[in-house]
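Chemist: Got a sequence here, can you model it:
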Amino acid sequence: MSFVLVAIMLVPFVAAMASWWAGPRSGAAMTVASGTVTFGLALALVPAVARSQPPGATRASGGAGELGGYAVTALGNWLRADSLSLVFLIATAFLYALTAIFAVGYVSADHDATALYRRRLFAGINLFAWAMAMAPIVDNLGLLWVAIEVTTVVSALLVTIEGTDSAVEAAWKYVLIASLGLGLSLLATAVIYRAGSVVLGNSYELFYPKLLSGAARFPAGTVRLGYLLAVLGFGTKVGLFPVHTWLPDAHSEAPTPVSAMLSGSLLATCFYAILRYYQITERSAGPTFARDVLAGFGVATLLLGALYLASQRDLKRLLAYSSVEHMGVLAIGMSFASPLAIAGVLLHVLAHAAAKGTAFFGAGSVVRKLHTKDLERVRGGIGLLPWSGPMFVAAMFGLSAMPPFGTFRSEFYIVVGGFAPGSHGAERALAAVLVVLVTLAFLGLSWHVTQMMASPGPEDGSSPAKGETSKLMVVAMSVALLALVVLGVHPPHQLDTLIHGAATELGVTR
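Modeler: Numbering: from 1, shown residues only. You can find the predicted model right below:
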């Protein structure tokens, strides 16, 4: 399976280069092909990684590595896919494939889009997806930082692609804040390297198995410092409070396909980086410190997201603050000691990608139809958009963690994990706070979606004609919504095995 990892490394990058030099039509076709192939390659890794462990059996180093689970490696172990990394890779590849389809319809519906704009968009989407796919499969803390730095550069350029003053301002704000955060995360990498040198010597590679094999002997104080820097640094890109301020502006001003990838994939990819530091810290300084840090950031982030949802006046900013809310849910979920809660966090990564993809695709359809993001001016959406309108409503309820969607199952796992037998009073109180804040977020989202989609349109005849702007946009929405329902009703067995294997790799202990 090593060739699969190499193919994932090459396919989106080659597509980015080729789509830049090819014409707009060829670039669109190559982007769709690249997204589809990358998702297929990611799924091909699942049987090799998500294997149930027979009772009492041992795992050979060639098949498992030192993280306690099966893994696929390539290029001298510089590339590595284990259960944890594969969960995040699947989320990215899935959204990449659907965004490529959506982007073709989105650009086709824009008659003002120039050939240069289309070349930049498709090349940028491919390069952005490549960087996000590389982050979870590189087996090195330093290369992980490099991959996330590349996502910053590429996504900032994509935010400015519309060329408006507000887009340039949003991108500039994004670059300033993200660069500060990535500076802190680079320092975190150096601090962890210093901690490891006490055990592993002054010259070694930052491979995850090597770090984790010696982490129990690392100086706990040094590791705690590195972890705090990593949470604050990578948390800038995740959208954790108080370093979230770039997120609403960038997600609002970027083209809708880019916004979908920013919210559904980039934030989760950066959360993955935090989890790699979490693994080291849990082994070195004990689980309590690592969880308490995430609990503090998670509550503040979830509270901010839930409160801001009710006061939004821009459709895409509304979805951006929804992303802030869901990142808070992930952080709180990781603070619980229950394996069920951690499995819920990992399922939530996948469900949020599907839900946010559907929601942003729906928002793109609304904006294309009504030519406005102003929530006060969006009315009668279901009547105007017979397919994407109802699916957009369903996606918003999915973001509110309503059944039968995957977000309901994942948040249910997290909450039940917080109340699991053996949990202490603080965990149960935090689980109760999670329920209250998620309910508050639901009220804000449901109010806005009701006003936008269910209320009657203008009576003066100014509404556009009924009908969809692009069939491809509807196809992308349909597949994303179907995936969200499948994750809620009955996740595939191998995916469930993969998620629980990833929870085990995170070293969940009571």
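Chemist: Buried residues in stretch 306-314, which are they?
Modeler: Of all the residues in stretch 306-314, those buried under the rule 16 or more other Cβ atoms under 10 Å are 306, 308-309, 312, 314. In this view, the C-beta of every residue, glycine as well, is placed from N, C-alpha and C.
Chemist: Can I get that stretch in PDB? Just the C-alpha atoms.
Modeler: Extracted in PDB, the C-alpha atoms of stretch 306-314 (Å, rounded to 0.1, in the frame of the first residue of the first chain):
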ATOM      1  CA  ALA A 306     -23.000  30.100  20.000                       C
ATOM      2  CA  LEU A 307     -23.500  33.800  21.100                       C
ATOM      3  CA  TYR A 308     -22.300  35.200  17.800                       C
ATOM      4  CA  LEU A 309     -24.500  33.000  15.700                       C
ATOM      5  CA  ALA A 310     -27.700  34.900  16.700                       C
ATOM      6  CA  SER A 311     -26.300  38.300  15.800                       C
ATOM      7  CA  GLN A 312     -25.000  37.700  12.300                       C
ATOM      8  CA  ARG A 313     -26.200  39.600   9.200                       C
ATOM      9  CA  ASP A 314     -24.000  37.900   6.600                       C
END
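Chemist: quick one, what contacts the nearest residue to Asp110 once chain neighbours are set aside?
Modeler: Using Cβ to Cβ, 6 or more residues apart in numbering and skipping the chain neighbours, the partner closest in space to Asp110 is Arg368 (7.5 Å). By Cβ atoms under 8 Å, 6 or more residues apart in numbering, the contact list for Arg368 reads 106, 109-110, 469-470, 473.
Chemist: which of those has the weakest pLDDT?
Modeler: Among the contacts of Arg368, Asp110 has the lowest pLDDT, at 71.
Chemist: What is the burial count for that one?
Modeler: 15 (other Cβ atoms under 10 Å).
Chemist: So it belongs to a strand, correct?
Modeler: No: according to DSSP: H, G, I helix; E, B strand; the rest coil, Asp110 belongs to no strand; its state is coil.
Chemist: what's the distance between it and Val475?
Modeler: Counting by Cβ to Cβ, to the nearest Å, the gap from Asp110 to Val475 is 18 Å.
Chemist: swap in Ser400?
Modeler: Relative to Val475, Ser400 is positioned 24 Å away (Cβ to Cβ).
Chemist: Comparing these two, which shows the higher neighbour count?
Modeler: More crowded of Ser400 and Val475, by other Cβ under 10 Å: Ser400, with 24 against 17.
Chemist: so that one sits right up against Ser446, yeah?
Modeler: Yes: with contacts counted by Cβ atoms under 8 Å, Ser400 reaches Ser446, the gap being 6.3 Å.
Chemist: Let me know the pLDDT of the closest residue to Ala431 other than its chain neighbours.
Modeler: Spatially, and ignoring its direct neighbours in sequence, Ala431 is nearest to Gly418 (2.8 Å; Cβ to Cβ, 6+ apart). What the model reports as pLDDT for Gly418 is 91.
Chemist: got it, and Ser462?
Modeler: The model reports Ser462 with a pLDDT of 58.
Chemist: same question, the one 5 residues further on
Modeler: The predicted local distance difference test score for Gly467 is 79.
Chemist: what residues are up against the closest residue to it other than its chain neighbours?
Modeler: Once flanking residues are discounted, Gly467 sits nearest to Pro386: 7.4 Å by Cβ to Cβ, 6+ apart. Pro386 sits next to 466-468 when contact means Cβ under 8 Å, 6+ apart.
Chemist: List just the nearest of these to Val49.
Modeler: Glu468 (38.7 Å; Cβ to Cβ).
Chemist: Phi, psi for the closest one please.
Modeler: Main-chain dihedrals, Glu468, degrees, to the nearest 10: phi -80, psi 150.
Chemist: Next, count neighbours for it.
Modeler: Considering only other Cβ under 10 Å, Glu468 is surrounded by 20 other residues.
Chemist: Against Met477, how distant is it?
Modeler: For Glu468 relative to Met477 (Cβ to Cβ), the value is 10 Å.
Chemist: ditto for Asn202
Modeler: Using Cβ to Cβ, which is the criterion applied here, Asn202 is 53 Å from Met477.
Chemist: which of those two has more neighbours?
Modeler: Legend: neighbour count by other Cβ under 10 Å for Asn202 and Met477, higher for Met477 (29 against 9).
Chemist: Please consider this matter closed, and thank you.
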